[in-house]
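Undergrad: Pasting the sequence and the predicted coordinates here, then a few questions.
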Amino acid sequence: MRMQRQTVLFAGVLLLACGAVLAQERRAPRTAEQNVRRFGAVGDGQADDTGAIQKAVEAGGVIRLPKGTYRITRPIVIELDKVGHISGAGVGRLVMAGPGPALKFVGTHFKSADPAGFSKDVWERQRMPLVDAVAIEGDHPEAIGIAANGTMQLTLTRLHIRGVLHGIHLVGNNRNVLISDCHLYENRGIGIFYDNVNLHQSNITGSHISYNRGGGIVSRAGNVRNIHITGCDIESNMGPDTPPTANVLIDCSGSPYGTGEVAITGCTIQHNNNSPDSANIRILGRSEDSPKLGRIREGNVTITGNVLSDVKVNVHLRDCRGVTLTGNTFWMGFTHNLLLEDCSNIILGPNNFDRNPRYNYGNSLQARNGLVVRDSEDCTLSGLHITNVWGEPAGLLLENCRRMNITNCTILDCDNAGLLLRNVTDSRVSDCLIRDDRENANSASLVVTGGRGNMIVHNLLGTAPRLAENTAHTAGNVHP
């Protein structure tokens, strides 16, 4: 009897041990590294490795792409309950030879970033999906690099994406996206596309975003807040035969929410002037009238510390409110260095709008570099340094504006006029230096036509101001 009890006890322990081993084997793939070669991927650029890579993804864990070129013909679908990270160590390359995204992330988080709204499985299995050190290239007209929907903390680092339609395509609902140290280069569409997406909190840092013919970073419609673009080189994301676009384009039309709370800092943003209506930064707001608040516009944007050049319009704001531009360097705005239309509460701090002789070659002499503020109100322009605006009515033109405060600006050597106010009311111009000392210069320093209730005081002018009758009070201005 004692021997029987010992045998039964031993068998029970053995069964428990086997169960634990089997359970461990079932759990292991979620944390194990899955080399796609073990699932049959060839990596010679010829074989169709779609099935093998999909099997590796479904096995779970970290997906490793060793050195090689992996041709795929349909999207690798990454359900975030199953997989952790994908790494190519800088030597693994995917070639998408079919339509759709090479990597398609599918999560289940369709709420905000408030921790109280998270389900347990998002924190345990879906948070921070990571793609690192992978090259993706397109070999199909409708190929896309990476698409994401329903993700939380999507993290894309050290990627090379080239030859696709859109590089990174954000759709549906996503939260807390990080894109850093990436090269998004020579794609037919958009480099980073916020496509009618509900997305708050996204950071784009330290990346090269160039030669994407539909725009560099583009947000259209959707409900987008908190875009931070920092330390990037963003160049020539347009073409001579493409519809008008921009290196950074925020288009709020077609959405009740739009895009706001944006910071664009410390970037070089430039090229190219031969594309139709090209811009470096273009924000197209959407406005509505409120019985209590009046006109409501999109905004809360900071643009600071950037270098902007060689497009039709360096910065174009339309129907915006609450935008601050300061500390930027502008040149070679072939039609405008700055164009503001239907805006309010815009702060233009010290910025340098220059024509550096070092760049006087080729067609750069055709750049007009004008600054125009039109149909706007309640703006402050202070510390602007404007030189050599050519072929425009003035270095700085304000038209159909009200309650504008223009102080401490330097406007030098501009054609026709330094500062021109057309139909401007209830505004102030003070403490500005406005002169044209070029040989045979005949431009006026300050001209006011139309409008009323303006104050023009304590300016140093190269010529006497030309003021239409009853348009402005003047005092303390110094001129010949």
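TA: Here it is on my side, so go on. As the structure is a prediction and not an experimental result, all values here were calculated from the model.
Undergrad: Run through the stretch 1-150 of the chain and note the low-pLDDT ranges.
TA: Within the stretch 1-150 of the chain, the stretches with pLDDT under 70 are 1-31, 82-84, 109-114, 116-128.
Undergrad: where exactly do the strands run in it?
TA: Taking DSSP state E, counting those that start in this stretch as the test, the strands found in the stretch 1-150 of the chain are 33-35, 44-48, 61-64, 68-72, 76-79, 83-96, 100-106, 130-138, 143-149.
Undergrad: those helices in this structure, which residues are they?
TA: 2-27, 50-59, 120-121 (DSSP state H).
Undergrad: Sort out which residues of the second one are buried, please.
TA: By neighbour count with 16 or more other CB atoms under 10 Å, helix 50-59 contains the buried residues 50, 52-54, 56-57, 59. For every residue, glycine as well, the C-beta is placed using N, CA and C.
Undergrad: could you redo the strands of the stretch 1-150 of the chain as CSV and give each row distance to residue 285 and mean neighbour count?
TA: Putting these into CSV (distance: least, CB to CB, whole Å; neighbours: other CB atoms under 10 Å) gives the following:
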stretch, distance to residue 285, mean neighbour count
strand 33-35, 46, 17
strand 44-48, 46, 13
strand 61-64, 42, 20
strand 68-72, 40, 23
strand 76-79, 35, 20
strand 83-96, 35, 21
strand 100-106, 30, 23
strand 130-138, 33, 22
strand 143-149, 26, 26
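Undergrad: Please tabulate those in CSV, including the columns distance to residue 428.
TA: Below are the strands of the stretch 1-150 of the chain laid out as CSV (distance: least, CB to CB, whole Å):
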stretch, distance to residue 428
strand 33-35, 66
strand 44-48, 66
strand 61-64, 62
strand 68-72, 63
strand 76-79, 58
strand 83-96, 57
strand 100-106, 53
strand 130-138, 53
strand 143-149, 49
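Undergrad: Nearest to residue 309, out of the ones you listed?
TA: strand 143-149 (27.9 Å; CB to CB).
Undergrad: for that closest one, packing partners?
TA: strand 83-96, strand 100-106, strand 130-138, strand 168-170, strand 173-180 (3 or more CB pairs under 8 Å, 6 or more residues apart in numbering; DSSP states H and E).
Undergrad: Run through who's touching it.
TA: By CB atoms under 8 Å, 6 or more residues apart in numbering, the residues outside strand 143-149 that reach it are 75, 96-107, 131, 136, 138, 154, 156, 159, 161, 163-174, 177, 184, 187.
Undergrad: what angle separates it from strand 83-96?
TA: Interaxial angle, strand 143-149 versus strand 83-96 (axes from the mean of the first three to the mean of the last three CA atoms, to 10 degrees): 160 degrees.
Undergrad: any idea how far strand 143-149 is from the chain center?
TA: Here strand 143-149 is found 17 Å from its chain centre; the criterion is CA atoms, centre = their mean, to the nearest Å.
Undergrad: do stretch 62-77 as well
TA: Relative to its chain's centre, stretch 62-77 lies at 28 Å (CA atoms, centre = their mean).
Undergrad: Using CSV, list the CA coordinates for that stretch.
TA: What follows is stretch 62-77, C-alpha atoms only, in CSV (Å, rounded to 0.1, in the frame of the first residue of the first chain):
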residue,chain,number,x,y,z
VAL,A,62,11.4,39.8,-30.7
ILE,A,63,11.4,39.4,-34.5
ARG,A,64,15.0,39.4,-35.9
LEU,A,65,15.8,40.1,-39.5
PRO,A,66,19.5,39.0,-40.0
LYS,A,67,21.5,40.4,-42.9
GLY,A,68,19.6,39.9,-46.2
THR,A,69,16.9,41.3,-48.5
TYR,A,70,13.5,39.9,-47.7
ARG,A,71,10.9,40.2,-50.5
ILE,A,72,7.3,40.3,-49.4
THR,A,73,4.1,40.5,-51.4
ARG,A,74,1.5,41.3,-48.8
PRO,A,75,1.5,43.2,-45.5
ILE,A,76,3.1,41.6,-42.5
VAL,A,77,0.3,42.0,-40.0
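Undergrad: residues contacting the residue lying closest to residue 252 once chain neighbours are set aside?
TA: Nearest residue to residue 252, sequence neighbours excluded (CB to CB, 6 or more residues apart in numbering): residue 258, at 3.3 Å. Residues in contact with residue 258 (CB under 8 Å, 6+ apart) are 223-224, 252, 285-286, 298.
Undergrad: Can you name the residues that contact the most centrally placed residue in the chain?
TA: In the chain, the C-alpha nearest the mean C-alpha coordinate belongs to residue 217, at 3.9 Å (CA atoms, centre = their mean). With contacts defined as CB under 8 Å, 6+ apart, the neighbours of residue 217 are 190-192, 194, 204, 209, 227, 229, 234, 247-249.
Undergrad: Same check on residue 33?
TA: 61-62, 64 are the contacts of residue 33 under CB under 8 Å, 6+ apart.
Undergrad: Turn the residues you listed into a markdown table, including distance to residue 40.
TA: A markdown table is the format used below for the contacts of residue 33 (distance: CB to CB, whole Å):
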| residue | distance to residue 40 |
| --- | --- |
| 61 | 17 |
| 62 | 18 |
| 64 | 14 |
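Undergrad: Just name the closest of those residues to residue 402, please.
TA: Of the contacts of residue 33, the one sitting nearest to residue 402 (CB to CB) turns out to be residue 62, at 60.1 Å.
Undergrad: I'd like the distance between that closest one and residue 56.
TA: 10 Å (CB to CB, to the nearest Å).
Undergrad: what is in contact with those two at once?
TA: Between them, residue 62 and residue 56 share these contacting residues under CB under 8 Å, 6+ apart: residue 34.
Undergrad: so where's the stretch 151-300 of the chain uncertain?
TA: In the stretch 151-300 of the chain (pLDDT under 70), the answer is 287-296.
Undergrad: How about residue 322, nearest residue that isn't a chain neighbour?
TA: residue 299 (3.7 Å).
Undergrad: what bridges to that neighbour?
TA: Residues in a beta bridge with residue 299, per DSSP bridges, are residue 321.
Undergrad: tally of neighbours for it?
TA: For residue 299, the count of nearby residues is 24 (other CB atoms under 10 Å).
Undergrad: same thing with residue 358?
TA: Neighbours around residue 358, by other CB under 10 Å: 8.
Undergrad: and it, what pLDDT?
TA: Per-residue pLDDT puts residue 358 at 86.
Undergrad: one step back: figure out which of the helices and strands packed on strand 143-149 is closest to residue 278.
TA: strand 168-170 (21.8 Å).
Undergrad: Now that residue 85 has come up, it's in contact with residue 62, right?
TA: Yes. In terms of CB atoms under 8 Å, residue 85 counts as a neighbour of residue 62; the distance is 4.9 Å.
Undergrad: how distant is stretch 388-404 from the center of its chain?
TA: 28 Å.
Undergrad: what about that stretch, how long is it end to end?
TA: 23 Å (CA to CA, to the nearest Å).
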